[in-house]
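> Model the structure of this input:
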Amino acid sequence: MQVPLQITFRNVDRSDALEQRIRSDASKLERFHPRITRCRVTIEETNRHQAQGRQFAVSIEVRVPGKDLTAAKDDQDIFVAVRDGFTAVRRQLEELAKDMRFI
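Predicted coordinates:
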């Protein structure tokens, strides 16, 4: 990545384990597209219900030359939301790389 990974926590306490997971998942994205110029990850607690518990939203923005990709996922488990968000971005990168090969 040309620009360092940006991780933002909103209404969520910073966690070393979560931050390490995000850094690991972000570094794996370069396998699917080598020209990633930027990656931003935003994690926030959206709702806190007495009966339903906490709800987390993860937003991932990835920029490659000529294209901006985004994925947003919600879940009660913050690690599941992060996993699903990176899975969605990975799929977009795979599709982009596949389309570029046929041009």
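> so where do the strands sit in this protein?
Residue ranges of the strands in the chain, as given by DSSP state E, are 6-10, 38-49, 53-64, 67-75.
> Which of those sits closest to A88?
Using C-beta to C-beta as the criterion, the shortest distance between A88 and these is 3.6 Å, found for strand 67-75. Any C-beta I mention is one placed from the backbone N, CA and C, and that applies to glycine too.
> Which neighbouring elements make contact with the closest one?
In terms of contact count using 3 or more C-beta pairs under 8 Å, 6 or more residues apart in numbering; DSSP states H and E, strand 67-75 is assigned the packing partners strand 53-64, helix 78-101.
> Residues in a beta bridge with the residue nearest in space to the middle of the chain, which ones?
Nearest to the centroid of the C-alpha atoms of the chain, with distances taken as C-alpha atoms, centre = their mean, sits I60, at 3.4 Å. Taking DSSP bridges, one finds V41, A71 as the beta-bridge partners of I60.
> Make sure it is actually in contact with I43.
No - under the contact definition of C-beta atoms under 8 Å, I60 does not touch I43, with a separation of 9.7 Å.
> and for these two, which residues touch both?
Residues touching both I60 and I43 do not exist when contact is defined as C-beta atoms under 8 Å, 6 or more residues apart in numbering.
> Pull the contacting residues for E94.
Taking C-beta under 8 Å, 6+ apart as the contact definition, E94 lies against F32.
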